[in-house]
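Trainee: Sequence plus predicted model, see below.
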Amino acid sequence: MERATHLVPFEAPIADAASRGYVVIIEPNFTGHRWRYVEWIAQACLEAGYPCLVVTENSNEDHRLAREIMAARREDLQIAFVDADNQRQSRGLKRISYARFHAYFKLAYDSVKHAERVRLVVVPYVDYFFHALPLLGTPFGRAPWIAITMRATFHHRKVGVRTPGRPLVNTLKSLLFRRAVHTKGLRTLLSIDPTLPEWIGRDKPRHGASVRYVADPFPDAKAEDPFVARERLDLDPAGRYLLVYGSISERKGICELVEALAGMKDAPTLLLAGEQDQEIRGFMRAFIPILEPAPVILDRFISNEMERDLFSACDVVWLGYKGHYGMSGVLVQAYRFDKPVVATSDGLIGWFCRDGQLGPCLDDLSADSIKRALADIAAKWQRGEKYQRPLDHLLARNTLGQFKETLRQSITAAIETRV
């Protein structure tokens, strides 16, 4: 179940929006969470007093966000539909996805600028074409613009994040990145990865865009009383539960975890919540009879309400993932619900958990390592030590309010800057 959309505030529309000019948000793809970023950026614009115009492809005309914008009939909140130019798309540079997307964003901007005054362009997902900028330049003419990058990983080994070595690819992408931040009109590049601003330096590059951290937003959710949550989930009020949450595949490290639990005395109860792939279903069928205590398995889509109950009811959260080097929303939720984690030391999960304040960090997924981590947590339970999250941790910033405030600051600075 999706959360309700509250894009249009109750306040009166911004007067004479067209003459003031629009902040244009361009996102061709409304799948996954990308439409959420469009929604949140539009909210930030309206709350700051800036009219905004969303541009997307015609295939999104029936999307709930598009329908809501059209139904509102507000001058300061508009939507336009622009499809990519498919002519001769297979020839030349357009065979490269970066170039195709660059062409789409240029077409979208050109289509709008002839009809409306554009004050600023916002790109919620610039990874579509960012590495093409040194060769192709800005797709937005003379307009200032800001963007969000979500997929940059080339710098990770330079800042202490454990990731596979790709020296040639990483060197090339780092050179392209340093050139791209000097693209004409780019005022601010926001990154959901806090290590990227650390890598490039916290000060604005000379004659280039500012690179800032914007925490990946998660709508606010308050924890339920654990006993109430356990009653709704039909869990033992006196049990100890280890939550594995999300789409359950081999990359979750679930096989290694289950094998460790099978040989562990006084193990916590495995609480496996989320749709499993076929391989994991077969694996779990073999292990369910030998796990003690018996696992609780919710092999289905998890609603927002059940998600809240699961994080409220559990005692510890599993994040011992394999081959996952990006950020995890499960880590943010564990922090928000004040639950310790058992985490991999790889990737951004390991980077966020590296000091041990959030729970044990695993250098490998051997049974001995997993057992030691769980035994360490169990010893604290036995001593009656209550886990308390560090309130000054960087994860405290992963809120919708903080995200929108960062966007408002960047939008205002870009609009007011005269270059």
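Mentor: Everything's here; your move.

Trainee: Next secondary structure after the helix or strand of the chain with the lowest mean pLDDT?
Mentor: Taking mean pLDDT, DSSP states H and E as the measure, helix 17-20 is the helix or strand of the chain with the lowest mean score, a mean of 74. Where DSSP states H and E defines the elements, the next helix or strand beyond helix 17-20 is strand 22-26.

Trainee: gap between the helix or strand just after that following strand and the chain center?
Mentor: Going down the chain from strand 22-26, the next helix or strand is helix 34-47, by DSSP H and E. Offset of helix 34-47 from its chain centre (C-alpha atoms, centre = their mean, to the nearest Å): 15 Å.

Trainee: what does stretch 390-407 give?
Mentor: So, by C-alpha atoms, centre = their mean, the centroid of stretch 390-407 is 13 Å from its chain's centroid.

Trainee: Look at it and report the distance between its end residues.
Mentor: Using C-alpha to C-alpha, to the nearest Å, one end of stretch 390-407 lies 26 Å from the other.

Trainee: Give me the contact list for it.
Mentor: Stretch 390-407 is touched from outside by 40-41, 43-44, 47, 122, 190, 194, 212, 214-220, 331-332, 335-336, 352, 357-358, with contacts defined as C-beta atoms under 8 Å, 6 or more residues apart in numbering. Every C-beta, even on glycine, is put in place using the N, C-alpha and C of the backbone.

Trainee: Look up which helix or strand residue 343 falls in, please.
Mentor: Following DSSP H and E, the helix or strand that holds residue 343 is strand 341-344.

Trainee: The stretch 251-400 of the chain: helices as residue ranges?
Mentor: For the stretch 251-400 of the chain, the helices defined by DSSP state H, counting those that start in this stretch occupy 254-262, 278-287, 304-313, 329-336, 347-352, 367-382, 400-416.

Trainee: Tell me how the chain divides into domains.
Mentor: The chain is divided into the following domains under automatic domain parsing: 17-219+399-416, 226-396.

Trainee: Flag whichever of the ones you listed has the least confidence on average.
Mentor: Of all the domains of the chain, mean pLDDT reaches its minimum on domain 17-219+399-416 (a mean of 92).

Trainee: Show me how far that one is from its chain's centre.
Mentor: The answer for domain 17-219+399-416 is 15 Å, by C-alpha atoms, centre = their mean.

Trainee: burial of the nearest residue to residue 16 once chain neighbours are set aside, as a residue count?
Mentor: Nearest non-adjacent residue to residue 16, counting by C-beta to C-beta, 6 or more residues apart in numbering: residue 75, 7.8 Å away. The tally of other residues near residue 75 (other C-beta atoms under 10 Å) stands at 15.

Trainee: do residue 231 as well
Mentor: Using other C-beta under 10 Å, residue 231 is surrounded by 13 other residues.

Trainee: got the contact list for it?
Mentor: So residue 231 contacts residue 237 (C-beta under 8 Å, 6+ apart).

Trainee: From residue 313, how far off is it?
Mentor: As defined by C-beta to C-beta, to the nearest Å, residue 231 lies at a distance of 9 Å from residue 313.

Trainee: residues in contact with residue 184?
Mentor: Contacts for residue 184 (C-beta under 8 Å, 6+ apart) come out as 137-138.

Trainee: please begin residue numbering at 24 from this point
Mentor: Sure, I'll start numbering at 24, so the last one becomes residue 207.

Trainee: Let's verify it: helix, strand, or coil?
Mentor: Following DSSP: H, G, I helix; E, B strand; the rest coil, residue 207 is assigned to coil.

Trainee: Need phi/psi at it.
Mentor: Main-chain dihedrals, residue 207, degrees, to the nearest 10: phi -50, psi 130.

Trainee: now the nearest residue to residue 142 once chain neighbours are set aside: how far from residue 392?
Mentor: The spatial neighbour of residue 142 that comes closest, neighbours along the chain excluded (C-beta to C-beta, 6+ apart), is residue 44 at 3.9 Å. Using C-beta to C-beta, we find residue 44 at a distance of 57 Å from residue 392.

Trainee: Who are the contact partners of the residue nearest to residue 173 when sequence neighbours are not counted?
Mentor: Spatial nearest neighbour of residue 173, excluding adjacent residues (C-beta to C-beta, 6+ apart): residue 215 at 5.3 Å. The contact partners of residue 215, by C-beta under 8 Å, 6+ apart, come to 171-173, 236-239, 350.

Trainee: ok so, going back, pretty sure the residue nearest to residue 39 sits against residue 74.
Mentor: Yes: between residue 98 and residue 74 there is a contact under C-beta atoms under 8 Å: 7.1 Å.

Trainee: With secondary structure and distance to residue 329 as new columns, can the contacts of residue 215 be given to me in a markdown table?
Mentor: Putting the contacts of residue 215 into a markdown table (DSSP: H, G, I helix; E, B strand; the rest coil; distance: C-beta to C-beta, whole Å) gives the following:
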| residue | secondary structure | distance to residue 329 |
| --- | --- | --- |
| 171 | strand | 30 |
| 172 | strand | 33 |
| 173 | coil | 27 |
| 236 | strand | 31 |
| 237 | coil | 29 |
| 238 | coil | 25 |
| 239 | coil | 22 |
| 350 | coil | 23 |
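
Trainee: out of those residues, which one sits closest to residue 270?
Mentor: residue 350 (15.5 Å; C-beta to C-beta).

Trainee: gap between the closest residue to the closest one other than its chain neighbours and residue 217?
Mentor: Sequence neighbours aside, residue 371 is the residue nearest to residue 350 in space, at 4.7 Å (criterion: C-beta to C-beta, 6+ apart). Residue 371 sits 9 Å away from residue 217, going by C-beta to C-beta.
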